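Undergrad: Sequence first, then the predicted structure, then my questions.
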Amino acid sequence: MRHGEVENPKGILYGRLPGYHLSDLGRRMAERVAEHLAERDVTHVVASPLERAQETADPIAKAHGLDVAADARLIEADNVFQGKTFGVGDGALRRIANWPHLRNPFRPSWGEPYIDQVVRMMSALQAARDAARGHEAVCVSHQLPIWIVRSFVERRRLWHDPRRRQCTLASLTTFTFVGDRIVSVGYTEPARDLVPPHLRAGAKPVKGRSKAFGA
C-alpha cells in the first residue's frame, strides 16, 4: 500500500525527512482502506519507519487486532533534492548546480539506484510473506519503491516517466505468492474518490500491467 496524503503546504520534496505526517484527508484515506481490508485474512501489518507510512498502517492494524511493525527496507527512495522544491516549471532544471545530479536518468543519478530499491523491496516482501505465510500481509511503503518493485516483477524496465506510475495515494499493489513464487500482480484504489484528480498518480496508467504469471 502507498501511504495517504501528507500535510505539506510548502510543496517540499520531503523524501526521508522526519516530521511529515498525514493530513486530515490522508487519515480518511487510511481509514477507507482499513474498511476495504476489514474482512481480509490479514495477520501481519508492516510499514516504512516514516511517520506517514506508520500512520497509514495504524487503522489497518487496529481493524485486525495487530500492532504495526517497522521495516526500514520499505522506506522512501533516497534523493539528493530532499528538503527542496523540485518540479516541472519551478526553475529547478535551469539551476546549473542541479545538472550533475541529472546526468543519468537510467540509474538514476539523483538518488538511490533502481536496482538497490528492487533488492530491498523484494527482501521486505519476502519477509512479510514469511510472517503471514498462509494468510495475508499489508506492507505500507512509498510510490517510487512500490512502482520499481512492481516493474521488476512484471519484467519491465526500471527507468520510466514518473507521470506514468500507476500508484496513486492509498492504492494497493497486490503481489500473490504460491509458495515462494509470485504468481500474479494486481492493483486497486479503494480510496480513489477521496484523491483529488491532480494527485492521482498514473492518471494515464500503463495498459495491461495487472497480470498473472504462468507456472
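TA: Ah, there it is. Numbering: from 1, shown residues only.
Undergrad: neighbours around the residue lying closest to residue 85 once chain neighbours are set aside, how many?
TA: Distances taken as CB to CB, 6 or more residues apart in numbering place residue 11 nearest to residue 85, at 5.5 Å, with adjacent residues excluded. C-beta here means a position set from N, CA and C on the backbone, and glycine is covered the same way. A count of neighbours around residue 11, defined by other CB atoms under 10 Å, yields 10.
Undergrad: and what of residue 182?
TA: Residue 182: 17 neighbours (other CB under 10 Å).
Undergrad: Report the beta-bridge partners for it.
TA: residue 177 (DSSP bridges).
Undergrad: Now the terminal residues of stretch 19-28, how far apart.
TA: 19 Å (CA to CA, to the nearest Å).
Undergrad: I would like the residues contacting that stretch, please.
TA: Residues outside stretch 19-28 that contact it (CB atoms under 8 Å, 6 or more residues apart in numbering): 3-8, 14, 29-30, 50-52, 55-56, 169-170, 191, 194.
Undergrad: Model confidence for residue 96, exactly?
TA: Looking at residue 96, its pLDDT is 60.
Undergrad: what's the answer for residue 106, then?
TA: Residue 106 is given a pLDDT of 68.
Undergrad: that older thread, could you check the pLDDT of the residue nearest to residue 85?
TA: 87.
Undergrad: ok, now how distant is it from residue 83?
TA: 12 Å (CB to CB, to the nearest Å).
Undergrad: One more: residue 200?
TA: In terms of CB to CB, residue 200 sits 25 Å off from residue 83.
Undergrad: Name the nearest residue to the most centrally placed residue in the chain, ignoring sequence neighbours.
TA: The chain has residue 142 as the residue nearest its centroid, 2.8 Å off, counting by CA atoms, centre = their mean. Excluding its sequence neighbours, the residue lying closest to residue 142 (CB to CB, 6+ apart) is residue 76, at 4.2 Å.
Undergrad: Done for today, thanks.
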